[in-house]
Every structure is written in C-alpha cells, then in structure tokens.
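1. Quick one: sequence and predicted model below, then my questions.
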Number of protein chains: 2
Amino acid sequence: MENTLSDDELSDYLDFAETLADAARAAIAPHFRQQLVIDDKGRSLYSDYDPVTIADRQAEEAMRVLIREAYPSHGILGEENGHEKGTCDLTWVLDPIDGTRAFITGVPLWGTLIALSNRSGPLLGVVDQPFLRERFTGSRLGSRYVFADESGDLCTRPCAELGDAVLYCTHPDMFAAEPEHSIFEDLRGRVRMSRFSGDCYSYCMLAFGLVDLVIDAELKPWDIHALIPIIEAAGGVVSDWTGGPAVDGGKVIAAGDSRTHQAALELLSKAAARG
Amino acid sequence: MENTLSDDELSDYLDFAETLADAARAAIAPHFRQQLVIDDKGRSLYSDYDPVTIADRQAEEAMRVLIREAYPSHGILGEENGHEKGTCDLTWVLDPIDGTRAFITGVPLWGTLIALSNRSGPLLGVVDQPFLRERFTGSRLGSRYVFADESGDLCTRPCAELGDAVLYCTHPDMFAAEPEHSIFEDLRGRVRMSRFSGDCYSYCMLAFGLVDLVIDAELKPWDIHALIPIIEAAGGVVSDWTGGPAVDGGKVIAAGDSRTHQAALELLSKAAARG
C-alpha cells in the first residue's frame, strides 16, 4: 500500500532530511581540499575511472546510522553501500557526494543528495553544499534555497524557444556513442549556450531560474531522486528522454519551462530507445 | 627602461590590487543571480555568443577610476574598455568577470582577474571570487589564498606522469578545429580524468595542488596575466603550447609539475604552430 503523507508528516521528514544533511556536512567538510587517498571503483558513469574517498563513505554511513535509529522500517538506497530493504513503502535515496570529481579537484559544485521516496518516486529532496553553506530543498510544499544568512523560494524562468536556452550537461563523454552523440550535438547547435560540469549544481541553478535545460545520460537513481522535487516545485519538469519518469536514472532531461522540455524531447527521443 | 620593483613597492602594489578587487566585488555582487540584461558582444573565445552584463562593465570602470587616481602614469588594459596607454612601463591588466558564462548561470566559479604587468609579463596577480569570499594572490613574494576566515600558502602538487594527471579545460569547443581536436583528444585519453568549465577557477585549484594540468586555447592577455604569478609562485609552470611565454594568451598550458608540463607539451606542440 502506498504511503500518503500528510503535510505535517512531510514537513517532519523534511526536517529530518536536513538533519541528515547536517551529519553528512560534518563528515565531509574536514576532507575537502585535503590530499585524500582516492580509490577507484573502476566502473563509472562515463569512463573507466570512478573515484571515491573516505568522505563519500563516512558521510553515507553517518546518514544510514541516523535513519536506522529514527525510522527502522524505512529502506535505504545509497551510492556507496547499496540497498537495505525496509518494511514499509518509504526509502531514503542517498548520494553522499554527487560530483566526486569536482570534490577531489577542490571545486565546490558537488553536493550531498538526499531524497525520501515511495514506489511512485521522490516525495522530498535536499541538496547540500557544505563549502558554500548552501542548501536547496523541495517537496510538494515548495522549493527553497538557503545560502549563509539568505534564503528564498526557488522558481524556474520562462524559456519559450530552444534558441534562447542555456544548457548544462555533466560531461561530453556521456554522449560519446551514436546516435546520442549526433543528437546531442544537434541540440547543442540549437541552444544559445552550452556548458559542461556542474553535476547536481546545474539542476539547482535550473530551479533558481538561471539555467534552462540540463541533460545527462547514465545516471543512477541516487543522482536524480533528490533533484526531482526541487525542480518540480520550482515550476520545472524532469523526465527521461522519452518524456517518462526519471526516477530510474539513465537518460534524464530537466527543463525550467515545459515548452523547452517539449522542444528538446523531440530531438532526444530519437536516442531514447537505447539504454 | 623596464621597471624593477623593490619588495616594498611590490607589496604596496599588491595591497592596491586587493583594493581594486574589493571595488570590483562591490560592483559585481549585487548583480549575481539576478535576471540581468545580457548583451551579446557577438565574437567570442569559442562560439558566436559572447555575453556581457552591467556587472562586467561597472566593475571594470570602478577599477579604472581607482587606478587613474592613484597611478595616472600607469597603463590599463581591460576586457571591456580596451587599452589606455600609460607613460611608464607598468600596466594593469583587468578582466572584471572571467567566466561570464558561469556568472550568468549562477555558478560561482567566475572571478575578477587583476594583474600588474611590465613588458616582460605580470609582476603580481589577484583572482577574487566575491560569492565565495575567496581570493588568490601571487607574486615573486609568494602565493596565498584567503577563504572567509581561512588563509594559507598555495603549493602545487607533484605529478610525475600524464597518466596520473587531472586535466581541466574551459570548454571542449575551444579545440573544435584540426589538428587541435585530435591532439587534445589524444591528451585527454592519456590523463586520469578530464573536466570542462572552470575558467580561472581551475587554474587556482592547480595552484592549490588539486589539479595537475589546465589547457585552453584562444585566451586573451587579460584571461591569463593574473594567473601566471599565482601559479608560478606556487611551484607551477605556465606557457604557451610551444613552451614559450603565455603573456599574449592564445594557446595556454599550466601545470603543477614541470614533468607533466613537458609531457603534455610534447603532444601539444604539434598543434602550436596554428594561431
């Protein structure tokens, strides 16, 4: 049976998700910009190199400890330590450091991603950037950002035409194979500007109304769950390249305006059939 | 006659450069993450689109006013308002916002670049990131960073082999033409990891010892002058793709370790003859 949360329950879970973000922040911050031992997990989104550090592992474990204690019936799905099945419909979906490549090179665009999801998808999401002391949260109750002492609502901006759109993607090598490569380059040729890198941060800037499109491929569920409620409550759209749900990861598109989403989907759907 | 500065003079100019950075910060900060009017200068480093905003223009003018007042004999070369020739050998080389594409998309990896240069090259450099309250400075007196209440010396890290190197580049489209494209892809295939975007920030992370190589093409003098003293005093090397001085911009390579610099140059020099 699907768990339908009241506003009060959702609000309590959001508070708890922020407690998890605080714990991850405390675990990660001392390791940022240190010369860390970097292990290579060997498989990767778009290369043979998949770095992981003690910071990723300790942050995920810190969050798992808190979840097990507070909500022993909930499931946990995390990048570093797999799936602990729960006994109810709710699962915490965790990526302790999304953007480990940014993290290990000192660039503060990585984030801790935390979602609470049921079988239909994520109910709430948190993105935390410890170095900037910046946090983005979202649920059906709304999307917010906090930066140091500032805070505000998140709201995507209108973008009627692909030709006006600013596009972000994590890395060009995500689109190395055909037909993705040609389709992606076609799209790149139609937008006003494209930028690479950014990981979760580009999606947050889309929710902020400063980016119009983010396109990625080969994502895992923990790369996208937390971002969906933030973007949707800010007025944006997240889907896979066929226009279906993005909750399984894979090929994902986020747009601030449904018109740009539709225009980009028309191009991308040609490549959507492939894994 | 070339101006040879004493340590005291150099130190005074560094203080003044930081005053310029403060003025630029005050001019830029109110515009970050606002919905700005974005003008298109039409030519660009690597596309037909070259965005500029009121923040770029006001920050450069704020710095020019201070320089004219304090050092009327000095020249000024800035991205937005061209070259004011001085009557002595010293010129301030300014890029009010290096990374305007990052700036207009809310991503805090842009920076204000300030150098004081004579005809041989830059004597001091400052990179300021207002949103992060982060500043990098360098001269023959040393390289330092300040982040909020933290500060420290900058020092590149050893990297003996290309296969261990982390490479950053501003944008893949900088290497769209042949033979640059093939040579760049060859290099990318040999390093451990490559990332795009970053602008001046990647060079600062190289000085910080977290990145091993940064390669760009089509730079202007104001894109690189401020970075040279910061990287060199941190133990790194900056040159063009032939190994010659990088002060004219164009094709630039920065390395934290001279061995990686040499290994990369062997590949890149094949493409160096072209503009």
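-> In hand now; what should we look at? Numbers count the residues shown, from 1 in each chain, chains lettered A, B, ... in the order given.

2. Please name the residues that touch A:Ser117.
-> By Cβ atoms under 8 Å, 6 or more residues apart in numbering or on different chains, the contact list for A:Ser117 reads A:Leu90, A:Thr91, A:Trp92, A:Val93, A:Leu123, A:His225, A:Val247. In short, each C-beta sits where N, CA and C put it, glycine included.

3. Actually, A:Arg68.
-> When contacts are counted by Cβ under 8 Å, 6+ apart, A:Arg68 is found next to A:Ile76, A:Glu84.

4. Surely it is within a helix?
-> Yes: A:Arg68: assigned to a helix according to DSSP: H, G, I helix; E, B strand; the rest coil.

5. roughly how far apart are it and B:Leu14?
-> Separation of A:Arg68 from B:Leu14 (Cβ to Cβ, to the nearest Å): 53 Å.

6. Can you report phi and psi for the closest residue in space to A:Thr91 that isn't next to it in sequence?
-> Excluding its sequence neighbours, the residue lying closest to A:Thr91 (Cβ to Cβ, 6 or more residues apart in numbering or on different chains) is A:Gly75, at 3.6 Å. Per-residue torsions, A:Gly75: phi -80, psi 160 (degrees, to the nearest 10).

7. before we move on, back to that, just among the contacts of A:Ser117, which is most surrounded?
-> A:His225 (30 neighbours; other Cβ atoms under 10 Å in any protein chain shown).

8. right, and the residue nearest to A:Thr91 touches A:Trp92 too?
-> Yes: with contacts counted by Cβ atoms under 8 Å, A:Gly75 reaches A:Trp92, the gap being 7.1 Å.

9. The nearest residue to A:Gly121 once chain neighbours are set aside: what's it in contact with?
-> Closest residue to A:Gly121 apart from its sequence neighbours, by Cβ to Cβ, 6+ apart: A:Val247 at 4.6 Å. Shown in contact with A:Val247 (Cβ under 8 Å, 6+ apart): A:Ser117, A:Gly121, A:Pro122, A:Pro221, A:Ile224, A:His225, A:Ile228.

10. I'd like to know the beta-bridge partner residues of the third one.
-> Just to be clear, that refers to A:Pro122. A:Ser117 (DSSP bridges).

11. roughly how far apart are it and B:Val247?
-> Taken as Cβ to Cβ, the span from A:Pro122 to B:Val247 is 51 Å.

12. doesn't A:Ile224 make contact with A:Asp98?
-> No: using Cβ under 8 Å as the test, A:Asp98 is too far from A:Ile224 to be in contact (9.5 Å).

13. where's the residue nearest to A:Thr91 relative to chain B, distance?
-> 33 Å (Cβ to the nearest Cβ, to the nearest Å).

14. how far is stretch A:65-83 from where the chain is centred?
-> In terms of Cα atoms, centre = their mean, to the nearest Å, the centre of stretch A:65-83 is found 18 Å from the chain centre.

15. I meant stretch A:66-84, not that one.
-> 18 Å.

16. got it, and stretch A:59-70?
-> That offset, for stretch A:59-70, works out to 20 Å (Cα atoms, centre = their mean).

17. then that stretch to CSV, C-alphas only?
-> C-alpha atoms of stretch A:59-70 as CSV (Å, rounded to 0.1, in the frame of the first residue of the first chain):
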residue,chain,number,x,y,z
ALA,A,59,29.0,10.7,5.0
GLU,A,60,26.8,7.9,3.8
GLU,A,61,27.4,5.8,6.9
ALA,A,62,26.6,8.8,9.1
MET,A,63,23.3,9.2,7.4
ARG,A,64,22.5,5.5,7.5
VAL,A,65,23.1,5.3,11.2
LEU,A,66,20.6,8.2,11.8
ILE,A,67,17.9,6.7,9.6
ARG,A,68,18.2,3.2,11.1
GLU,A,69,17.8,4.8,14.5
ALA,A,70,14.9,7.1,13.7
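
18. buried stuff in that stretch?
-> Judged by neighbour count using 16 or more other Cβ atoms under 10 Å in any protein chain shown, the buried positions of stretch A:59-70 are A:Ala59, A:Glu60, A:Glu61, A:Ala62, A:Met63, A:Arg64, A:Leu66, A:Ile67.

19. Only the buried residues of stretch A:82-99, if you could.
-> For stretch A:82-99, using 16+ other Cβ under 10 Å, the buried residues are A:Gly86, A:Asp89, A:Leu90, A:Thr91, A:Trp92, A:Val93, A:Leu94, A:Asp95, A:Pro96, A:Ile97, A:Asp98, A:Gly99.

20. what is the rounded mean pLDDT of it?
-> For stretch A:82-99, mean pLDDT rounds to 96.

21. ends of it, how far apart?
-> 18 Å (Cα to Cα, to the nearest Å).

22. How about the contacts made by the residue of the stretch 1-150 of chain A found nearest chain B?
-> Chain B sits closest to A:Gly106 of the stretch 1-150 of chain A, with a gap of 3.8 Å, by Cβ to the nearest Cβ. Going by Cβ under 8 Å, 6+ apart, A:Gly106 touches A:Phe32, A:Arg33, B:Met205, B:Phe208, B:Leu210, B:Val211.

23. That one should be in a helix, yeah?
-> No: remark: A:Gly106 does not belong to a helix; assigned using three-state DSSP, it is coil.

24. Tell me how far it lies from B:Ile231.
-> 14 Å.

25. what residues does the stretch 51-200 of chain A put near chain B?
-> Contacts of the stretch 51-200 of chain A with chain B, taken as Cβ under 8 Å from any Cβ of the partner chain, map to A:51, A:101-102, A:104-109, A:131-132, A:157, A:166, A:168, A:171-172, A:192-193, A:195-198.

26. burial of the residue nearest to A:Lys251 when sequence neighbours are not counted, as a residue count?
-> Nearest non-adjacent residue to A:Lys251, counting by Cβ to Cβ, 6+ apart: A:Trp241, 4.2 Å away. Burial of A:Trp241 is recorded as 24 neighbouring residues (other Cβ under 10 Å).
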